[in-house]
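J.: Next one to model:
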Amino acid sequence: MQTFREALLSLVVLIVVAVTVLGGIFLAIGETGGAISQLSSRTPTPRGATLTPTF
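T.: Residues are numbered from 1 along each chain as shown. As a prediction, this is how the structure comes out:
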């Protein structure tokens, strides 16, 4: 019974760590995307040129 509880506890810890890491990755991606969209919206570009890349 003790080993089962230890296995269950380690599984819960593993799930929590995985969720935390995935949440951090998604948060970082969201922050980067928000910063990029904020940066692109800050630059004065015409409405049609926002979708097409200008070289």
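
J.: Helices of the protein, start to end?
T.: All helices of the chain, identified by DSSP state H, fall at 2-42.

J.: give me the low-pLDDT residue ranges for it?
T.: The model of the chain has pLDDT under 70 over residues 1, 36-55.

J.: try 50 this time
T.: In the predicted model, the chain carries pLDDT under 50 at residues 55.

J.: if I look at residue 12, how far off is residue 23?
T.: Separation of residue 12 from residue 23 (C-beta to C-beta, to the nearest Å): 16 Å. Where you see a C-beta, it was placed from the backbone N, CA and C, and this is true even at glycine.

J.: Actually, residue 4.
T.: Distance, residue 4 to residue 23, by C-beta to C-beta: 28 Å.

J.: likewise residue 2?
T.: Residue 2 is 31 Å from residue 23, by C-beta to C-beta.

J.: who has more neighbours, these two?
T.: Taking other C-beta atoms under 10 Å, residue 2 and residue 23 do not tie; residue 23 has more neighbours (10 against 6).

J.: For residue 17, see how far away the more buried one is.
T.: Separation of residue 23 from residue 17 (C-beta to C-beta) stands at 11 Å.

J.: try residue 9
T.: Plainly put, residue 9 is 13 Å away from residue 17 if you go by C-beta to C-beta.

J.: repeat for residue 33
T.: Per C-beta to C-beta, residue 33 is found 25 Å from residue 17.

J.: What of residue 11?
T.: Distance, residue 11 to residue 17, by C-beta to C-beta: 11 Å.
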